[in-house]
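*Asks:* return atomic coordinates for the entry below.
(chains A and B)
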Amino acid sequence: MNRRVTALVLVGALLLAFLLSVRLGHISLSTEEVLRALSGAGDPTHRRILFEIRLPRAVLGILVGGGLALAGSVFQALLRNPLAEPYILGISGGSAAGAVLVLSLGLVTVSSALLPAAAFGGALLAVLLVFRVAASADRSLDVRVLLLAGVVVGSFFTAVIALILALSEAQAVRSAVVWMMGSLYGVGWGSVGVVSAYTIPAALVLMSLARALNLMSVGEETASYLGTDVEAVKRIAYGVASLITAAGVAVAGIIGFVGLIVPHTLRLVVGSDQRILLPLSFLAGGAFLTFADLGARLILDPTEIPIGVITAFLGVPLFLVLLRRSLER
Amino acid sequence: MNFQTRDLVVRYGGAERRALAGVTMDVPDGALYAVLGPNGSGKSTLMRALLGVLRPEEGSVLVGGREARSWTRRELARAVGAVPQAEHLAFPLSVRDFVGMGRYPHLGALRAEGEGDRRAIASALEQCDVAPLRDRDVTTLSGGELQRVRIARALAQEPSALVLDEPTASLDVRHEMSIFQLLRASASRGMTVLLITHHINLAARFADRLLLLDRGVVAAEGEVADVFQEETLGAVYRWPLAVREDPVIGAPQVTPLEDPSPF
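*Replies:* Numbers count the residues shown, from 1 in each chain, chains lettered A, B, ... in the order given. Presented below is the predicted three-dimensional model:
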């Protein structure tokens, strides 16, 4: 499909997702009610639902989904591995360990900011550990070691989580499991502020590296002969993509499949040029996660399903169909 | 563009043995210069040192009279196009876009391709005879096509020198010959071409000068007739050989003889 058409379709999908996400929920609003509430008139309950619940949640869905898909594309190009996803450097394990610790100690009641802070801290700890291991004596990063260290550090934190959960009360175990599957439930403007402060500058930095990432996907040696400062690109791209992921994980938990499936699906449609792929990944990831979030809150209303379940149920079949079709061509 | 090394010593991190143990050489402007030697003799290491990605332990590497590692990657890529031995394509990409990567040193991160860039790409595709493949996916090319496309990418850099590591490995006669002729023609137009190869007979036929490496040191260097000595080549490759002038092409050619105790 034409790249321009794809871009237009994705912009349309994103706007539609945003509008529906603002309108629909346990109490659904009509478009008129939304507009009236936006202008400051109308039912005060509607205004509260719109400004305090729906808008921050819709914006955050776009930022987190877009960020995850963008980070996924970048990791796949850097590691030259189609299986790479944003959590591959141990971020999921690290952040979950931080979150589970806070949940099981019952510290969420102390301050609501503690859970995202612990998750973010855990993610950064994992990434730093992985980088430390993979940086050799001359400070160059070995991709194979990075990948391996990421997997091992991730498994270590999984063991930490298992230990904490084994020692925790049943209620804490339940909230930990729900957190680990990811959710945008109960997010506010504070979360939006924090996530956009990381995601927006980071997305711009990553998109400016698109051409260098194209070269890197052919091989590091070739990329340096073509004029890329390979070590600088690697350090910036891994660091920045990890920050985006960590910020998303901190507010929304571990949402699987977005970072893996969105870039691949797009690749099948528009090809692998990172200059196209990165911005479109952001749009598609944002739209996809916002739709998934709608499903999460509407399907079993008033119970919320973890968003990771929806992304898997929607994303996996779609991806498998596309993959199959690409083989038949 | 010329290359010089003086007493170049290179060691890989942690290795006991020196991959290059004091190599001195001069690659003059506009020459087709072939680097020969058995597996593990340091040919690829020499290439990486010339291109500034390996730090010399001792000695110096000069590119165009300037220390190789003092060039920025982009400056060097505008002056020298390189085709390394191994490349791993992770994702599909069209031939046109692949060759277009050669414009990166001129464009940087953000500038869009202009008329000059498009002309350089078209000319590179033309020179390597791969223009009809421009819309093909690089991952579906045959070995011979891929090598020519990779050389086209280096030519799209519009460099004044080319460095190639075994560009004719695992190619058939037609593709071998077409690549050697292409490199010969480029050198005759004033491009300096440094070629690492195991095709010693083709090197003797097309190159202006030869460098014979053996376990990190220079075994012989000079014009083809000086390097193509039965004893020298036989000792370096550790195999009995005969060197005869070939009447058809007028160049010395090597014929490997049989060794009664090969291992």
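*Asks:* A:L89 against A:A126, yeah?
*Replies:* Yes - counting by Cβ atoms under 8 Å, A:L89 touches A:A126, with 6.9 Å between them. Where you see a C-beta, it was placed from the backbone N, CA and C, and this is true even at glycine.
*Asks:* okay, helices next: where are they in the stretch 151-300 of chain A?
*Replies:* A:170-180, A:189-208, A:210-216, A:220-225, A:230-252, A:258-270, A:274-298 (DSSP state H, counting those that start in this stretch).
*Asks:* ok, the closest residue to chain B within the stretch 101-250 of chain A - how many residues close by?
*Replies:* Relative to chain B, the nearest point of the stretch 101-250 of chain A is A:G227 (3.3 Å; Cβ to the nearest Cβ). A total of 25 residues lie near A:G227 under the criterion other Cβ atoms under 10 Å in any protein chain shown.
*Asks:* what are the phi and psi values for it?
*Replies:* Note on A:G227: backbone dihedrals following degrees, to the nearest 10 are phi 110, psi 10.
*Asks:* I'd say it and B:V80 touch.
*Replies:* No - with contacts counted by Cβ under 8 Å, A:G227 stays clear of B:V80, the gap being 10.3 Å.
*Asks:* taking the stretch 151-263 of chain B, what residue is nearest to chain A?
*Replies:* Closest contact between the stretch 151-263 of chain B and chain A, by Cβ to the nearest Cβ, is at B:Q157 (7.3 Å).
*Asks:* against B:Y104, how distant is that residue?
*Replies:* 8 Å (Cβ to Cβ, to the nearest Å).
*Asks:* residues touching the residue nearest to the spatial centre of chain A, list them.
*Replies:* Residue closest to the average C-alpha location in chain A (Cα atoms, centre = their mean): A:L68, at 2.8 Å. Neighbouring residues of A:L68 by Cβ atoms under 8 Å, 6 or more residues apart in numbering or on different chains: A:86, A:244-245, A:248, A:255, A:258-259, A:262, A:285, A:289.
*Asks:* now A:G248
*Replies:* A:G248 neighbours (Cβ under 8 Å, 6+ apart): A:63-64, A:67-68, A:86, A:195, A:199, A:255.
*Asks:* what of A:L29?
*Replies:* With Cβ under 8 Å, 6+ apart, A:L29 has these contacts: A:22-23, A:37, A:46, A:49-50, A:54.
*Asks:* in strands, which of these appear?
*Replies:* Using DSSP state E, no member of the contacts of A:L29 falls within strands.
*Asks:* nearest to chain B, of those residues?
*Replies:* Of the contacts of A:L29, the one sitting nearest to chain B (Cβ to the nearest Cβ) turns out to be A:V22, at 34.9 Å.
*Asks:* what's the neighbour count on whichever residue of the stretch 101-250 of chain B sits closest to chain A?
*Replies:* Closest approach of the stretch 101-250 of chain B to chain A (Cβ to the nearest Cβ) occurs at B:P105, with a separation of 3.4 Å. Per other Cβ under 10 Å, the neighbour tally for B:P105 reads 24.
*Asks:* hmm, it is touching B:R78, no?
*Replies:* Yes - the criterion here is Cβ under 8 Å, and B:P105 meets it with B:R78 at 4.6 Å.
*Asks:* overlap in contacts of the two?
*Replies:* Shared contacts of B:P105 and B:R78 (Cβ under 8 Å, 6+ apart): A:227, B:157.
*Asks:* so which residues of chain B form helices?
*Replies:* B:43-50, B:73-79, B:95-100, B:104-107, B:115-127, B:143-156, B:173-188, B:200-206, B:224-227, B:230-237 (DSSP state H).
*Asks:* any chance of these in JSON lines, plus distance to B:L257 and mean pLDDT?
*Replies:* Output for the helices of chain B, formatted as JSON lines (distance: least, Cβ to Cβ, whole Å; pLDDT from 0 to 100):
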{"stretch": "helix B:43-50", "distance to B:L257": "24", "mean pLDDT": "95"}
{"stretch": "helix B:73-79", "distance to B:L257": "43", "mean pLDDT": "95"}
{"stretch": "helix B:95-100", "distance to B:L257": "43", "mean pLDDT": "94"}
{"stretch": "helix B:104-107", "distance to B:L257": "47", "mean pLDDT": "94"}
{"stretch": "helix B:115-127", "distance to B:L257": "39", "mean pLDDT": "94"}
{"stretch": "helix B:143-156", "distance to B:L257": "30", "mean pLDDT": "93"}
{"stretch": "helix B:173-188", "distance to B:L257": "22", "mean pLDDT": "93"}
{"stretch": "helix B:200-206", "distance to B:L257": "15", "mean pLDDT": "95"}
{"stretch": "helix B:224-227", "distance to B:L257": "19", "mean pLDDT": "93"}
{"stretch": "helix B:230-237", "distance to B:L257": "9", "mean pLDDT": "94"}
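*Asks:* now these in CSV, with distance to A:I305?
*Replies:* CSV is the format used below for the helices of chain B (distance: least, Cβ to Cβ, whole Å):
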stretch, distance to A:I305
helix B:43-50, 54
helix B:73-79, 49
helix B:95-100, 41
helix B:104-107, 46
helix B:115-127, 51
helix B:143-156, 48
helix B:173-188, 58
helix B:200-206, 67
helix B:224-227, 74
helix B:230-237, 69
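*Asks:* out of the ones you listed, flag the one nearest B:P256.
*Replies:* helix B:230-237 (8.2 Å; Cβ to Cβ).
*Asks:* if you count neighbours, what's buried in that closest one?
*Replies:* Within helix B:230-237, the residues that count as buried by 16 or more other Cβ atoms under 10 Å in any protein chain shown are B:232-234, B:236-237.
*Asks:* just stretch B:8-26 next, same as before
*Replies:* Taking 16+ other Cβ under 10 Å as the criterion, stretch B:8-26 shows B:8-11, B:18-21, B:23, B:25 as buried.
*Asks:* and that stretch, C-alpha only, in CSV?
*Replies:* Provided in CSV are the C-alpha atoms of stretch B:8-26 (Å, rounded to 0.1, in the frame of the first residue of the first chain):
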residue,chain,number,x,y,z
LEU,B,8,51.6,-0.6,11.7
VAL,B,9,50.9,-2.9,14.6
VAL,B,10,47.3,-3.9,15.5
ARG,B,11,46.2,-6.3,18.2
TYR,B,12,42.6,-7.3,18.9
GLY,B,13,41.4,-6.6,22.5
GLY,B,14,42.8,-9.3,24.7
ALA,B,15,44.6,-11.3,22.0
GLU,B,16,48.1,-12.5,22.5
ARG,B,17,49.1,-12.5,18.9
ARG,B,18,49.5,-9.3,16.9
ALA,B,19,47.1,-9.4,13.9
LEU,B,20,49.5,-6.9,12.1
ALA,B,21,53.1,-6.9,13.3
GLY,B,22,54.7,-4.0,11.6
VAL,B,23,53.2,-3.3,8.1
THR,B,24,54.6,-0.6,5.9
MET,B,25,53.0,0.1,2.6
ASP,B,26,52.1,2.9,0.1
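*Asks:* do it and chain A meet?
*Replies:* Yes - applying Cβ under 8 Å from any Cβ of the partner chain, one finds stretch B:8-26 in contact with chain A at B:G13.
*Asks:* chain B contacts on chain A?
*Replies:* Close to chain B, as judged by Cβ under 8 Å from any Cβ, chain A has residues A:76-77, A:80-82, A:136-138, A:208-212, A:214-215, A:217-219, A:221-222, A:224-230, A:267, A:271-273.
*Asks:* pull out the buried members of the residues you listed.
*Replies:* A:76-77, A:80, A:209-212, A:214-215, A:217-219, A:221-222, A:224-228, A:230, A:267, A:271-273.
*Asks:* burial count for B:S41?
*Replies:* B:S41 has 22 nearby residues by other Cβ under 10 Å.
*Asks:* OK, contacts around it?
*Replies:* For B:S41, the contacting residues are B:213-216, B:236, by Cβ under 8 Å, 6+ apart.
*Asks:* partners of the closest residue to it other than its chain neighbours in the sheet?
*Replies:* What sits nearest to B:S41 in space, not counting adjacent residues and going by Cβ to Cβ, 6 or more residues apart in numbering or on different chains, is B:L213, at 4.2 Å. Under the criterion DSSP bridges, B:L213 forms beta bridges with B:V218.
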